[in-house]
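Trainee: no sequence on hand, only this structure:
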RNA sequence: GCCGGGGUGGCCGAACGGUUCAGGCGGCAGCCUGCAGAGCUGCUCUAUAUGGGUUCAAUUCCCAUCCCCGGCUCCA
């Protein structure tokens, strides 16, 4: 039984989509004013896992993830570089898409940009004004009057009165009636320079949250099955989306709200403002492999804060290596014609894995099941109890599990890796030295190969080689 | 101040109130190996923040205290 923790109800709920077998899912994407850091990427690795798991369970997922390509920060950044908004944001969009590819994150079918949906947003704002939920402030901007939306605060469990009283709510420096009202449409100001749209609402640009209301409605309909985002989006962004969408349609906006927790570094949230972040590129430059980084980001359940550190990354690298050695071993089982029947083991592991994942993507528990499989099967191989048919069964399960995890793809596609002629010759020479009992020479050659990243292992079936820190 | 989440072995991280508290990483030892690597086995002191309570039984429920993180402002 697939269950997710719904931020709205603060409970785990059995997942049931509106239409059988189909999931309409919207993910808040990135504001593209800078390169994504690992904290950002965690959010998208989580979404990827979620989507993969839904697909594993047989759902067809219709997934939309937006780009916020106009806001204060993008405008500021663009001006600083003396370029256009489009050029400025394109750079970061491209970089972000590359990051996703590197981390083996499957892209959403639709990745709309806010700036390409101004018309849709204007339409929605007009409806809100007709319903007198929106009003024009003294500065010409249009605001949402949250006091008119009864349910305001239902997602974040905040009370409007407390918002008003909150010590940190800015004094009303704009033209809105209440400090807690939020902008649907921001009137042009000289600081915006070239960035504005001439619309029936006036010259200006959209507020932040209206884009998600507009784009989700356009591509997915009035009620979504799942909406994801970081916990920092709960208030005010998602609260505002609800207020907009539900006021407009009169229908429930989202059935399941899923929010991922933050990645921490040295006990604090990884973020741009604290300048305590690492980008994917930084880590790749330090020679960490993309799949280890994916595994690292994946290996803690999405609702838990967890800390980035290099030890953890190293551990992920090693854990992954364990999988690789295991798969390697599986493909070379021999010396056992009729082994033990492992059907039951396979079944148990599969069940453990699936039950854990079904339980709000409890990945740690799920991975424990996979590691148990590795251990059990390794033990079988050691005792020569695994026959080729059993190996095939295990491999099939690993392939299936990997559809959800997406960490082993490169292992199977990597096969093209070949040794250089020099390395091959060296291995041959070492074999000759070994059979002659010349250990000194054999070890010398082995060390030499190691220096160029080739690791040799002597096994009963002969010498084997592997590339250290495979770039996978 | 208000509202959330959390404190489990060297590190990371699971756990319907109940057989020895998963699993990973690291370290040590043994088996295997010419050695190494991989793998397996075992160990890593009384591991569940503290103090009470409920219960036959509590990591798990309740209360109090201490500490950490987050949201209340643009932010994945």
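Mentor: On my side now, so go ahead. These numbers were taken from a predicted model, which means no experiment stands behind them.
Trainee: and the pLDDT for the closest residue to RNA strand B within the stretch 101-250 of chain A?
Mentor: Proximity to RNA strand B, evaluated over the stretch 101-250 of chain A using C-beta to the nearest atom of the strand, is greatest for residue A:230 at 2.0 Å. C-beta coordinates here come from the backbone N, C-alpha and C atoms, glycine included. Looking at residue A:230, its pLDDT reads 94.
Trainee: residues contacting the nearest residue to it once chain neighbours are set aside?
Mentor: Using C-beta to C-beta, 6 or more residues apart in numbering and skipping the chain neighbours, the partner closest in space to residue A:230 is residue A:43 (5.2 Å). By C-beta atoms under 8 Å, 6 or more residues apart in numbering, the residues touching residue A:43 are A:228-230, A:260.
Trainee: any stretches of the stretch 51-200 of chain A with poor pLDDT?
Mentor: Within the stretch 51-200 of chain A, the ranges that satisfy pLDDT under 70 run A:162-175.
Trainee: could you show me where the helices are in it, in order?
Mentor: A:72-81, A:85-102, A:118-130, A:160-165 (DSSP state H, counting those that start in this stretch).
Trainee: what about the residue of the stretch 101-250 of chain A closest to RNA strand B, distance to residue A:44?
Mentor: Plainly put, residue A:230 is 10 Å away from residue A:44 if you go by C-beta to C-beta, to the nearest Å.
Trainee: of those two, which one has the most company?
Mentor: Legend: neighbour count by other C-beta atoms under 10 Å for residue A:230 and residue A:44, higher for residue A:44 (24 against 18).
Trainee: hang on, that one packs against residue A:102?
Mentor: No. The pair residue A:44 / residue A:102 is not scored as a contact, 11.5 Å apart, by C-beta atoms under 8 Å.
Trainee: the residue lying closest to residue A:132 once chain neighbours are set aside: what's it in contact with?
Mentor: Nearest residue to residue A:132, sequence neighbours excluded (C-beta to C-beta, 6+ apart): residue A:148, at 7.2 Å. The contact partners of residue A:148, by C-beta under 8 Å, 6+ apart, come to A:132-133, A:247.
Trainee: count the neighbours of residue A:372 for me.
Mentor: 15.
Trainee: nearest residue to it other than its sequence neighbours?
Mentor: residue A:349 (6.4 Å).
Trainee: can you check residue A:146 too?
Mentor: Closest to residue A:146 by C-beta to C-beta, 6+ apart is residue A:152, at 4.5 Å.
Trainee: what's the burial count for the one you found?
Mentor: 24.
Trainee: isn't it right next to residue A:160, touching?
Mentor: Yes. Using C-beta under 8 Å, residue A:152 is in contact with residue A:160, at 5.9 Å.
Trainee: what do the two both touch?
Mentor: residue A:146.
Trainee: apart from its neighbours in sequence, what residue is nearest residue A:203?
Mentor: Take residue A:203 and drop its neighbours on the chain: the residue closest to it by C-beta to C-beta, 6+ apart is residue A:188, 4.5 Å away.
Trainee: residue A:206 is in contact with the one you found, correct?
Mentor: No. Using C-beta under 8 Å, residue A:188 makes no contact with residue A:206, being 11.9 Å away.
Trainee: contacting residues for whatever residue of the stretch 1-150 of chain A ends up closest to RNA strand B?
Mentor: Going by C-beta to the nearest atom of the strand, RNA strand B is nearest to residue A:39 of the stretch 1-150 of chain A, at 2.6 Å. By C-beta under 8 Å, 6+ apart, the contact list for residue A:39 reads A:262-263, A:269-271, A:277, A:308.
Trainee: so of those residues, which ones are in strands?
Mentor: Using DSSP state E, the subset of the contacts of residue A:39 located in strands is A:263, A:269, A:308.
Trainee: and these near RNA strand B, which?
Mentor: Taking C-beta under 7 Å from any atom of the strand as the test, RNA strand B is in contact with A:263, A:269 out of the ones in strands among the contacts of residue A:39.
Trainee: out of the ones in strands among the contacts of residue A:39, give me the one that has the most neighbours.
Mentor: Counting neighbours by other C-beta under 10 Å, the top entry in the ones in strands among the contacts of residue A:39 is residue A:263, with 25 neighbours.
Trainee: in contact with that one, which residues?
Mentor: Here residue A:263 is in contact with A:38-39, A:42, A:269-270, A:297, A:305-308 (criterion: C-beta under 8 Å, 6+ apart).
Trainee: per-residue pLDDT, it?
Mentor: Note on residue A:263: pLDDT of 93.
Trainee: how far away is the nearest residue to it once chain neighbours are set aside from residue A:273?
Mentor: Distances taken as C-beta to C-beta, 6+ apart put residue A:39 closest to residue A:263, at 4.1 Å, once the chain neighbours are dropped. For residue A:39, the distance to residue A:273 equals 12 Å [C-beta to C-beta].
Trainee: where along the stretch 201-350 of chain A do the helices fall?
Mentor: A:210-220, A:239-249, A:280-285, A:290-298, A:310-330, A:343-358.
Trainee: which of the residues in the longest one are classified as buried?
Mentor: By that I understand helix A:310-330. When burial is assessed from 16 or more other C-beta atoms under 10 Å, helix A:310-330 yields the following buried residues: A:313, A:316-317, A:319-321, A:323-324, A:326-327, A:329-330.
Trainee: got the angle between that helix and helix A:290-298?
Mentor: 120 degrees (axes from the mean of the first three to the mean of the last three C-alpha atoms, to 10 degrees).
Trainee: for the last one, same thing?
Mentor: Between the direction of helix A:343-358 and that of helix A:290-298, the angle (the same axes, to 10 degrees) works out to 60 degrees.
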